[in-house]
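In: Sequence first, then the predicted structure:
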Amino acid sequence: MQVTAGVTLRPANIDDCRRIFEWRNDPTVIALSSSGKAVGWHEHIQWFKRRLNETDQPFFVINHENIGDIGVVRIDRLTLESHELTIYLLPNYMGYGYGPAALAKAVDKAFDNIDSLLTLKATIQDGNVRSIRMFDAIGFEVTAPNRIGSCATTTYELQRAKWLQMRDTIVA
């Protein structure tokens, strides 16, 4: 699999706060998220400001050279050696290959820039078929079924060693 050209990741900044709040609360994004809940503005702005100051936890806006900003990817530290990756695209841009391109670039950046990182994890709703296929294509493997509230989810993991073996076939 080769990633779609034109997709880049740029660091999120304070000017993105309102837009990411609106994106995060889009009904389609909420429906596909593992929490299944909207967030309030006050909660979002506190989280967003805190998040921008956490330089060891990458937080990117997904950009396409011909379209502009189309989504978000972030990498949250769970432990020194394990981080969780969260990604979403705006609904109008789902299904065009932008998600897999952004995911591959985020995985590559994470393993290149976080020296202690050995395992990337993702929690995906069981019914989110596009995300399941996308993470599978990048090399993530199923590790555990979960339940977040009433939502059935599955945890997927990708080990650094596996990524380093396959990255050249994925990242152009």
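Out: Great, that's in hand.

In: give me the beta-bridge partners of V73?
Out: F60, I87 (DSSP bridges).

In: meant to ask about V7
Out: Per DSSP bridges, the residues bridged to V7 are H64.

In: looking at this, I124 is in a strand?
Out: Yes. Counting by DSSP: H, G, I helix; E, B strand; the rest coil, I124 falls inside a strand.

In: Show the contacting residues for it.
Out: Neighbour list for I124: S34, S131, I132, F135, T153, T154, Y156 [criterion: C-beta atoms under 8 Å, 6 or more residues apart in numbering]. Backbone N, C-alpha and C define where each C-beta goes, glycine included.

In: give me the number of residues near the fifth one?
Out: Think T153. Neighbour count for T153, taken as other C-beta atoms under 10 Å: 22.

In: Kindly report the same for the second one.
Out: Other residues within reach of S131, judged by other C-beta under 10 Å, total 19.

In: element containing it, please.
Out: Using DSSP states H and E, S131 sits in helix 129-138.

In: Next secondary structure element downstream of that helix?
Out: Toward the C-terminus, helix 129-138 is succeeded by strand 141-148 as the next helix or strand (DSSP H and E).

In: In terms of secondary structure, what does the strand or helix carrying Q46 contact?
Out: Secondary structure from DSSP H and E places Q46 in helix 41-52. For helix 41-52, the packing partners by 3 or more C-beta pairs under 8 Å, 6 or more residues apart in numbering; DSSP states H and E come out as helix 17-24.

In: so what strands line up beside the least confident helix or strand in the chain by mean pLDDT?
Out: Least confident helix or strand, the chain: strand 141-148 with a mean of 85, by mean pLDDT, DSSP states H and E. Paired neighbours of strand 141-148 in the sheet (DSSP bridges): strand 151-159 (antiparallel).

In: could you give the angle of the partner strand to helix 129-138?
Out: Strand 151-159 and helix 129-138 are oriented at 10 degrees to each other (axes from the mean of the first three to the mean of the last three C-alpha atoms, to 10 degrees).
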